[in-house]
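K.L.:
The amino acid sequence is not available; the structure is as follows:
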């Protein structure tokens, strides 16, 4: 598996590129695509530890699936990718992708939803397969 699609009313797609990792190793890069109706933004993002903190972020959401107070935050090492999760009956994610390296830097922001039961569990399992296989 080299791709995971998460959410509805907007989606987050995480993809590893074929050949970027050795057998049994994780990839340090993900191609992240945010799709919010008319807006589609993608960015190749680096992470030092094979994205273990992103997986831990989603596992923590799954452990607290009945709800939590406030926002839970994940940010990539260099700040190019941010996710904020808020439990409002369903899980509302706010995503931010940034490309600071260009002459004309850009930022894309949007929201997507995820149901906290089976949909969240399926997302965690898919992420685990993507990031640890």
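P.N.:
Here it is on my side, so go on. Keep in mind that what you see is a predicted model, and the values were worked out from it rather than measured.

K.L.:
show me where pLDDT drops low in this structure?
P.N.:
Where the chain drops to pLDDT under 70, the residues are 1, 18-26, 133.

K.L.:
Can you name the residues bridging to residue 74?
P.N.:
For residue 74, the beta-bridge partners are residue 83 (DSSP bridges).

K.L.:
Isn't it up against residue 83?
P.N.:
Yes - assessed by C-beta atoms under 8 Å, residue 74 is found in contact with residue 83 at 4.5 Å. Glycine gets a C-beta too; all of them are placed from N, C-alpha and C.

K.L.:
Between those two, which contacts overlap?
P.N.:
residue 57 (C-beta atoms under 8 Å, 6 or more residues apart in numbering).

K.L.:
those strands in this structure, which residues are they?
P.N.:
Assigned strands in the chain, in chain order: 3-6, 11-15, 29-36, 39-46, 71-75, 81-87, 91-99, 106-114 (criterion: DSSP state E).

K.L.:
What residues sit buried inside stretch 81-98?
P.N.:
Across stretch 81-98, burial judged by 16 or more other C-beta atoms under 10 Å covers 81, 83-87, 90-98.

K.L.:
Count the residues that sit near the nearest residue to residue 126 once chain neighbours are set aside.
P.N.:
Once flanking residues are discounted, residue 126 sits nearest to residue 4: 4.4 Å by C-beta to C-beta, 6 or more residues apart in numbering. For residue 4, the number of neighbouring residues by other C-beta atoms under 10 Å comes to 21.

K.L.:
before we move on, what about residue 112?
P.N.:
The number of residues near residue 112, taken as other C-beta under 10 Å, comes to 20.

K.L.:
cool, and residue 115?
P.N.:
By the criterion of other C-beta under 10 Å, residue 115 has 16 neighbours.

K.L.:
Which residue, other than its chain neighbours, is closest to it?
P.N.:
residue 90 (5.5 Å).

K.L.:
Which neighbouring elements make contact with the longest helix anywhere in the chain?
P.N.:
Scanning the chain for the longest helix, with DSSP state H as the assignment, gives helix 118-132. Applying 3 or more C-beta pairs under 8 Å, 6 or more residues apart in numbering; DSSP states H and E, one finds that helix 118-132 contacts strand 3-6, helix 52-63.
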